[in-house]
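Enquirer: here's my sequence, what's the structure:
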Amino acid sequence: MPSPVIITVDGGAASGKSSTSRLIADRFNLLHVDTGSHYRAITYSLLKQGIRADDLDGIRRHLEHLPLGTEVSGHRALIRINNYLPHETELRSEIVNQHVSPFAAVPDIRQYLLNYQRSQADTAVNHQFKGLIIEGRDVGSVIFPDAPIRLFLDADAATRAARRAQEGQNDAIEQRDKIDSGRKTAPLKCPEGAIRIDSSNLTLAEVVAKVAAIIENQTGLIARS
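Expert: This next block holds a predicted model:
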């Protein structure tokens, strides 16, 4: 079978990663994977057990008995954790928003998720998608550093905060950026050689059009009309 096309989309919170990736997945028949939801699911599971981000022994014990799975819904790959599919409202709750960056900075958690995240390429093939579009904060630098298309979406802090407010979410954008960019393991950054797109003054449709043109020019995939 032909190798799946892999497209990585990195960027900070509210940079447009998810909205763009979902639309691109539908347009090109790709599987969409949101690695941020993986860290949110782990955070949700640990918080339910009363485990803090600085309790490394507790985290390791919890991860030893925490199987992961994938449920495909439309073009989305959803994480199942301990055979439970967390609801979007659980993953996006205020308490998870507050704690996800400290948990995501824990090397044991990042290593625990690495093989699972890379396995999503196989999931795409098994479900007969043309490839994978995967978004996060280290997908083009750590998870798939050799992907043929690596993108980095950015926007100024004011624009991103306004987007979060429109979504009805209370998300400390600048604080999360500081934690994600400053962590020692897989910090948030524009991967070397990635294509950077500043979406501050662009509509979603304009960002999608830019990304679609890049995919068509570099892979030969044809967007669905």
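Enquirer: give the contact list for Leu151.
Expert: Contacts of Leu151 were listed using C-beta atoms under 8 Å, 6 or more residues apart in numbering, and they are 7-10, 140, 194-197, 211, 214. Heads up, the C-betas are built off the backbone N, CA and C, glycines and all.
Enquirer: right, I mislabeled it, should have said Ala124
Expert: Residues in contact with Ala124, defined by C-beta under 8 Å, 6+ apart, are 4, 30-31, 77, 131-132.
Enquirer: buried set for the strand or helix carrying it?
Expert: Per DSSP states H and E: Ala124 is located in helix 120-126. Residues 120-121, 123-125 are the ones in helix 120-126 that count as buried (16 or more other C-beta atoms under 10 Å).
Enquirer: and stretch 200-216, by the same measure?
Expert: Of the residues in stretch 200-216, those scored as buried under the neighbour-count criterion (16+ other C-beta under 10 Å) are 202, 207-208, 210-212, 214-215.
Enquirer: can you check which helix is longest in the protein?
Expert: Here the longest helix in the chain is taken by residue count, with DSSP state H as the criterion, and it is helix 204-219.
Enquirer: packing partners for that one?
Expert: Counting contacts by 3 or more C-beta pairs under 8 Å, 6 or more residues apart in numbering; DSSP states H and E, helix 204-219 packs against strand 5-11, helix 17-28, strand 149-154, strand 195-198.
Enquirer: ok, now with 7 Å
Expert: Taking 3 or more C-beta pairs under 7 Å, 6 or more residues apart in numbering; DSSP states H and E as the contact definition, the neighbouring helices and strands of helix 204-219 are helix 17-28, strand 149-154, strand 195-198.
Enquirer: re the thing from before, PyMOL command for the buried members of the contacts of Leu151?
Expert: Entered in PyMOL, the line below selects the buried ones among these, by 16+ other C-beta under 10 Å:
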select buried, resi 7+8+9+10+140+194+195+197+211+214
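Enquirer: dump the residue contacts of Arg224.
Expert: Shown in contact with Arg224 (C-beta atoms under 7 Å, 6 or more residues apart in numbering): 27, 29.
Enquirer: wait, is it part of a helix?
Expert: No. The assignment for Arg224 (DSSP: H, G, I helix; E, B strand; the rest coil) gives coil, which keeps it out of a helix.
Enquirer: and the angle from the longest helix of the chain to strand 5-11?
Expert: Between helix 204-219 and strand 5-11, the angle formed by their directions is 140 degrees, by axes from the mean of the first three to the mean of the last three C-alpha atoms, to 10 degrees.
Enquirer: what's in contact with helix 204-219?
Expert: Helix 204-219 is touched from outside by 5, 7, 16, 19-20, 23-24, 27-28, 148-149, 151, 195, 197, 199, 221-223, with contacts defined as C-beta under 7 Å, 6+ apart.
Enquirer: buried subset of those, written for ChimeraX?
Expert: What follows is the ChimeraX syntax selecting those of these that are buried according to 16+ other C-beta under 10 Å:
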select :5,7,16,19,20,23,24,27,28,149,151,195,197,199,221
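Enquirer: under the pLDDT cut-off, which ranges of this protein? List them.
Expert: Segments of the chain classed as low confidence (criterion: pLDDT under 70) are 1-2, 168-175, 177, 225.
Enquirer: one step back: tabulate the contacts of Leu151 (JSON lines), appending distance to Glu90.
Expert: As requested, these are arranged in JSON lines below (distance: C-beta to C-beta, whole Å):
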{"residue": "Ile7", "distance to Glu90": "28"}
{"residue": "Thr8", "distance to Glu90": "26"}
{"residue": "Val9", "distance to Glu90": "24"}
{"residue": "Asp10", "distance to Glu90": "25"}
{"residue": "Gly140", "distance to Glu90": "28"}
{"residue": "Ala194", "distance to Glu90": "31"}
{"residue": "Ile195", "distance to Glu90": "34"}
{"residue": "Arg196", "distance to Glu90": "33"}
{"residue": "Ile197", "distance to Glu90": "31"}
{"residue": "Val211", "distance to Glu90": "29"}
{"residue": "Ile214", "distance to Glu90": "34"}
